[in-house]
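Engineer: After the sequence you'll find the predicted model.
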Amino acid sequence: MAKPAEMDPFAILAPRQWTRPAIFNSPHSGRASPEDFLTASRLNPHALRKSEDCYIDELFAFAADLGAPLLHAHFPRAYLDVNREPYELDPRMFREDLPGFANVSSMRVAGGLGTIPRIVSGDEIYRGPLKLADALLRIETIYRPYHRTLADLINRARQAFGYALVVDCHSMPSTACSHVTPHLMGRVDIVLGDRHGVACADEIVSTLEELMRSQGLRVLRNKPYSGGFITQNYGSPAHQRHALQIEVNRALYLDERTLERSRGFATTKVTLYRVFAGLLASLPDIMQPQRQAAE
């Protein structure tokens with residue numbers, strides 16, 4: 001594996017031929033931490049990975065086999081979170097005053113989870129205040145190119161197929177749904193987030209949910225995750241852009257203590273492959289009435 005300094009901050013796993021109007025996106029699975037970040041952190045590398053969507057890029061690597069690209073980060077979420085507005089910044093983290101265009105009052109910033117995160121699993125990341133210039137450099141050299149690349153993929157899909165579907169791929173702690181589903185017995189396997197119906201056509205979400213249930217997966221919609229900045233920013237069904245966030249329960253495929261793949265990894269990958277193979281094969285029939293209604 002290349003050293004972090006030698007590695008591109010993100011990559012596209014491209015299909016041999018792009019045949020499906022989908023883009024899979026894994027913004028939180030990166031695990032190549034820059035040396036200066038590790039030096040500035042008061043946490044060890046294992047602790048920094050607790051906010052990572054471990055191996056989600058590998059779980060969804062089948063996208064290329066289904067004829068769709070997978071955009072995935074190499075940089076860790078603890079270093080930079082591209083599923084935020086570009087300037088959701090916490091003034092407590094910096095030596096200098098923040099520029100007026102920074103969003104310092106969002107709930108995510110208040111919780112320590114802005115564009116430059118302050119915490120991982122409740123623990124402070126940094127030993128001391130950061131230079132504002134260093135944070136802005138991350139945004140200009142990684143965040144903005146990442147989003148330009150994602151926007152370009154979406155535009156290419158719309159030009160080729162008439163519409164695009166962004167599948168924003170994430171993982172969630174096994175306990176994430178316990179406070180919203182006390183009436184359910186057993187775990188929730190998947191949460192689908194479509195910003196409460198705003199970011200994606202209901203026919204797509206309903207088909208995906210049905211396919212998941214047919215594979216024995218327990219599914220919730222929009223609780224406790226309705227979709228982050230990527231789903232909100234790129235999902236616009238009126239403009240033939242559909243965006244859907246998927247959260248996979250880590251207990252399905254991961255040892256949450258060691259952050260190593262569990263014996264369920266291969267089974268989970270096969271299950272997700274079957275689900276999305278079914279969804280992508282169904283998209284032409286799902287979208288034809290949608291497109292006719294829009295014309």
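Structural biologist: Okay, I see it.
Engineer: So what touches the host helix or strand of A47?
Structural biologist: In this structure, A47 sits in helix 45-48 according to DSSP states H and E. Identification of contacts with helix 45-48 by C-beta atoms under 8 Å, 6 or more residues apart in numbering yields S33, L38, S41, P76, A78, V120, S121, D123, I125, L259. Every C-beta, even on glycine, is put in place using the N, C-alpha and C of the backbone.
Engineer: If you rank those by neighbours, which is first?
Structural biologist: Using other C-beta atoms under 10 Å as the neighbour criterion, A78 leads those with 27 neighbours.
Engineer: What are the boundaries of the helices in the chain?
Structural biologist: 35-40, 45-48, 56-59, 107-110, 132-138, 144-161, 202-214, 229-234, 265-294 (DSSP state H).
Engineer: tell me the mean pLDDT for the second one?
Structural biologist: If I follow you right, that is helix 45-48. Throughout helix 45-48, pLDDT has a mean value of 97.
Engineer: and if you look at stretch 244-255?
Structural biologist: 98.
Engineer: Could you tell me which ranges of the stretch 51-200 of the chain sit under the pLDDT cut-off?
Structural biologist: 181-186 (pLDDT under 70).
Engineer: quick one: the strands in it?
Structural biologist: 70-73, 119-120, 123-124, 164-172, 190-193 (DSSP state E, counting those that start in this stretch).
Engineer: gap between the first one and the chain center?
Structural biologist: Okay, so that is strand 70-73. 9 Å (C-alpha atoms, centre = their mean, to the nearest Å).
Engineer: repeat for the last one
Structural biologist: Here strand 190-193 is found 12 Å from its chain centre; the criterion is C-alpha atoms, centre = their mean.
Engineer: Stretch 130-138 too?
Structural biologist: For stretch 130-138, the distance to the chain centre is 23 Å (C-alpha atoms, centre = their mean).
Engineer: Go ahead and name everything in contact with that stretch.
Structural biologist: Counting by C-beta under 8 Å, 6+ apart, A40, Y79, L80, L89, M93, F94, R95, E96, L98, T115, I116 sit against stretch 130-138.
Engineer: Which members of these are the farthest-apart pair?
Structural biologist: Y79 and E96 (19.8 Å; C-beta to C-beta).
Engineer: Between those two, which is the more surrounded one?
Structural biologist: It is Y79, of Y79 and E96, that has more neighbours when counted by other C-beta under 10 Å, with 23 against 12.
Engineer: How about that one, nearest residue that isn't a chain neighbour?
Structural biologist: Closest residue to Y79 apart from its sequence neighbours, by C-beta to C-beta, 6 or more residues apart in numbering: F37 at 5.2 Å.
Engineer: how far away is that neighbour from A73?
Structural biologist: 14 Å (C-beta to C-beta, to the nearest Å).
Engineer: Who has more neighbours out of these two?
Structural biologist: More crowded of F37 and A73, by other C-beta under 10 Å: A73, with 27 against 19.
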